[in-house]
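J.: Sequence first, then the predicted structure, then my questions.
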Amino acid sequence: MQAEVTTVGHPLVQHKLTIMRDKRTALPDFRRLLREISLLLAYEVTRHLELKQVEVETPVDTTTAPMLARPEPCLITILRAGNGLLDGMLDLIPSASVGHVGLYRDPQTLEAVEYYYKVPKDMGQRLTIVVDPMLATGHTAVAALDKLKQDGAREISFVCLVAAPEGIAELRRAHPDVPIVTAAVDERLNDKGYIVPGLGDAGDRIFGTK
């Protein structure tokens, strides 16, 4: 069974994303908007976390109330642009453990090349949320998921800001069990592997490197 692709159509998500697409949006505003959207995406991707009932004593009485049944999710950021999604997610899940996967896309082949990898040891006990603002060719996402599954991650969701149909197809081909949560599915990739209309290079716009 193929996992779902969820496009978060919340009006605030769509409004903020439109401002981020605008090439005139300044660096501080781009970062702030990305943090705000990432919190809303984190809300969506954690919607189905399991709960258990526990006893708690309020100032008035003793009752039973829901708490998470398992440890908090693990966040895995695909460097470097994935770091832009972390702050908002950690605002919502402050005790989440964080892992880093360093991958870059070879400009000639568009294939993913790994240069760094450090992740928590207990991913098999948690929901693992992989974050990267852009799902373009899908090669980087697939390479990251391959490695995470080898290291024991069993329940994984992928969260991005903007996805291309080609990237979705590639991720679903290689990892059909991984749900995708995104703010938008755009038209296509251009001949350089950039999402159209997209918002440019997310890493450069986050870190001000171009």
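T.: Thanks, I have the structure now.

J.: ok, then the element right after the helix ranked longest in the chain?
T.: Longest helix of the chain, by residue count under DSSP state H: helix 27-45. As assigned by DSSP states H and E, the chain's next helix or strand after helix 27-45 is strand 51-57.

J.: re earlier: what is the mean pLDDT for the longest helix of the chain?
T.: Helix 27-45 carries an average pLDDT of 95.

J.: Could you check how far residue 175 is from residue 25?
T.: Remark: distance between residue 175 and residue 25 (Cβ to Cβ, to the nearest Å) = 32 Å. Quick note: C-beta positions are derived from backbone N, CA and C, even for glycine.

J.: Which residue, other than its chain neighbours, is closest to residue 197?
T.: residue 186 (6.1 Å; Cβ to Cβ, 6 or more residues apart in numbering).

J.: How about the contacts made by the one you found?
T.: Contact partners of residue 186, counting by Cβ atoms under 8 Å, 6 or more residues apart in numbering, are 162-165, 195-198.

J.: mind listing which of those residues are in strands?
T.: When DSSP state E is applied, the contacts of residue 186 are split such that 162-163, 195-196 fall in strands.

J.: Would you check which pair of these lies furthest apart?
T.: 163 and 196 (12.1 Å; Cβ to Cβ).

J.: just to revisit the earlier point, so which of residue 175 and residue 25 has more stuff around it?
T.: Per other Cβ atoms under 10 Å, whichever of residue 175 and residue 25 has more neighbours is residue 175, with 21 against 16.

J.: ok, the closest residue to the more buried one other than its chain neighbours to residue 39 distance?
T.: Excluding the flanking residues, the one nearest residue 175 by Cβ to Cβ, 6+ apart is residue 145, at 4.9 Å. Look at residue 145 and residue 39: by Cβ to Cβ, they are 23 Å apart.

J.: Have a look at these two and say which one is more surrounded.
T.: More crowded of residue 145 and residue 39, by other Cβ under 10 Å: residue 145, with 24 against 17.

J.: Tell me where this protein is predicted with low confidence.
T.: Counting by pLDDT under 70, the ranges of the chain that qualify are 1, 110.

J.: just the helices in this protein please.
T.: 11-21, 27-45, 83-92, 139-150, 165-174, 202-207.

J.: Residue 122: which of those is closest?
T.: Among the helices of the chain, helix 139-150 sits nearest to residue 122 (Cβ to Cβ), with 12.7 Å.

J.: Please spell out which residues along that closest one are buried.
T.: Under the neighbour-count criterion of 16 or more other Cβ atoms under 10 Å, helix 139-150 has 139-145, 147-149 buried.

J.: from the ones in strands among the contacts of residue 186, which single one is nearest residue 35?
T.: Distances from residue 35 to the ones in strands among the contacts of residue 186, taken by Cβ to Cβ, are shortest for residue 162, at 16.0 Å.

J.: What residues does the closest one make contact with?
T.: Here residue 162 is in contact with 17, 133-135, 182-186, 195, 198-199 (criterion: Cβ under 8 Å, 6+ apart).
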